[in-house]
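Asks: dropping the sequence and predicted coords here.
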Amino acid sequence: LAREDLDVWVVGGDGDMLSIGGNHLIHALRRNVNLTILMFNNQIYGLTKGQYSPTSEVGKVTKSTPFGSLDQPFNPISVALGAEATDAYEASRTKLAGFLKAHRDELVLCSGTTFAINLVAYSWALPRLKGGDAILLSRMEHHANIVPWQLVAERTGATIKVAEIRQDGTLDLDALYAAMTPEVKIVGLVHVSNVLGTVNPVREICREARRRGIVSVIDGSQAAPHRALDVPSIGCDFYAITGHKMCGPTGTGALWARREHIAAMPPFLGGGEMIKEVRFGGTVFNDGPHRFEAGTPNIAGHIGLGAAVDYLSAIGMDAIEARESELLAHATEELGRIDGLSIIGNAPAKAAVISFVVQDAHAHDLATLLDLEGVAVRSGQHCAHPLLQFYGVAATCRASFAFYNTHDEIERFVAALIKVRRLLG
């Protein structure tokens, strides 16, 4: 055993396990070799029985022959690369936590907001909800913050209550607070609407929910890429984000949760990584947040998300928000000059997204013809069927603006839309 104050363990010979820094367990690749293995200062050393004794000083051990020159060489690449990948993956957790002004042990890395909300629904809500309880959701929610709650409600006997919105796309806060009755145990709310661009006053809403003992789950997918966040100061219980909205890879994201919830929630999925010890008589689960990260994670994807966080941080989220506000004002003014065009959602201080319909033109036709003009917009219901039902439209076109767009591109978009409008009569 090497000196414990260096946090390095050595187990030699016969295919035993080597623990590096107390974190990584690696099989010795050669069995039945009278050899001791040591990793120290990111280098791997092998000692024959004649070189090593229990009283050897670590300083002398590290000067022993590296594996590369032994008669029976050991390839350390798998060890070094594994440690490097894990370090890079965990570094991304640290970066993302800093981006959200949170602590890394409050952050579960996952595939995105859909997984994050399902994790809360099945690990927090399912064991606690019962018949007579209610889940309060807003009319403007993405399906990812509706369907998981419906599934849990069906299994527990809970019901879904809906907080309605006004015609301009703002929440009716008086009606929302009136709906926070004693049977409501959870409120699910989008921070920024992916259709309307409405920025909800989540800090105020979460404060009111907490006063009533209601747990709050915030969908932050459209907020994280476009404005500076201090998630703990919002006062919510859970906050979900998606990486590909933040210039990161698909299949990445995170759930922020209060420490007391992470400690109290049972695992959602079982497998490797989320355990400390497994026996047929029972399993000891890992500490949070790793308890909720079963299986091989999206290592490369989350390293990429860490790079995206670096990129956004270097630009500055306040600068991004200011730039996008300018683009939104320009686009809104220009679109207002097109006859027959109606913008869906005109909340004050909205985010830089414009959903619109054009009289006597289907949204899919508009999007297809705009694409031929080199302009990309989304068309459809944008995973928000209940919201479009409220406005009585089958589909909208949605133009989303980001800091990398230009005023010239807005002019080209408007010119293309006018041309398409004429083609469609």
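Replies: Nice, thanks for sending it over.
Asks: lowest confidence element among the helices and strands of the chain?
Replies: Every helix and strand in the chain was compared by mean pLDDT, DSSP states H and E; the lowest is strand 24-27, with a mean of 34.
Asks: what count of nearby residues applies to the residue found closest to residue 196 once you drop the neighbours it is linked to in the chain?
Replies: Nearest residue to residue 196, sequence neighbours excluded (C-beta to C-beta, 6 or more residues apart in numbering): residue 345, at 3.1 Å. Every C-beta, even on glycine, is put in place using the N, C-alpha and C of the backbone. If you count neighbours by other C-beta atoms under 10 Å, residue 345 ends up with 25.
Asks: quick one: residue 345 from residue 388, how far?
Replies: Applying C-beta to C-beta, to the nearest Å, the value for residue 345 to residue 388 is 11 Å.
Asks: and for these two, which residues touch both?
Replies: residue 195 (C-beta atoms under 8 Å, 6 or more residues apart in numbering).
Asks: my read is that residue 108 contacts residue 292, right?
Replies: Yes: counting by C-beta atoms under 8 Å, residue 108 touches residue 292, with 4.7 Å between them.
Asks: next, show the common contact partners of those two.
Replies: 119, 255, 262.
Asks: most surrounded residue in those?
Replies: For these, neighbours tallied by other C-beta under 10 Å; top is residue 255, 28 neighbours.
Asks: can you tell me the SS state at that one?
Replies: strand (DSSP: H, G, I helix; E, B strand; the rest coil).
Asks: hmm, residue 120 and it touching each other?
Replies: Yes: if you go by C-beta under 8 Å, residue 255 and residue 120 touch, sitting 7.0 Å apart.
Asks: do you have the helices of the stretch 251-400 of the chain handy? List them.
Replies: 259-264, 299-315, 317-335, 363-372, 385-391 (DSSP state H, counting those that start in this stretch).
Asks: neighbouring contacts of the third one?
Replies: Contacts of helix 317-335 from elsewhere in the structure, counted by C-beta under 8 Å, 6+ apart, are 197, 225-229, 312, 341, 343, 350-352, 354, 356, 399, 401-403, 405, 407, 410-411, 413-414, 417.
Asks: quick check, residue 140 in a helix?
Replies: No: counting by three-state DSSP, residue 140 falls outside a helix, being coil.
Asks: let me see the contact set for the nearest residue to it once chain neighbours are set aside.
Replies: Spatial nearest neighbour of residue 140, chain neighbours left out: residue 193 (4.7 Å); criterion: C-beta to C-beta, 6+ apart. When contacts are counted by C-beta under 8 Å, 6+ apart, residue 193 touches 140, 169, 200, 222, 345, 351, 353, 384, 387.
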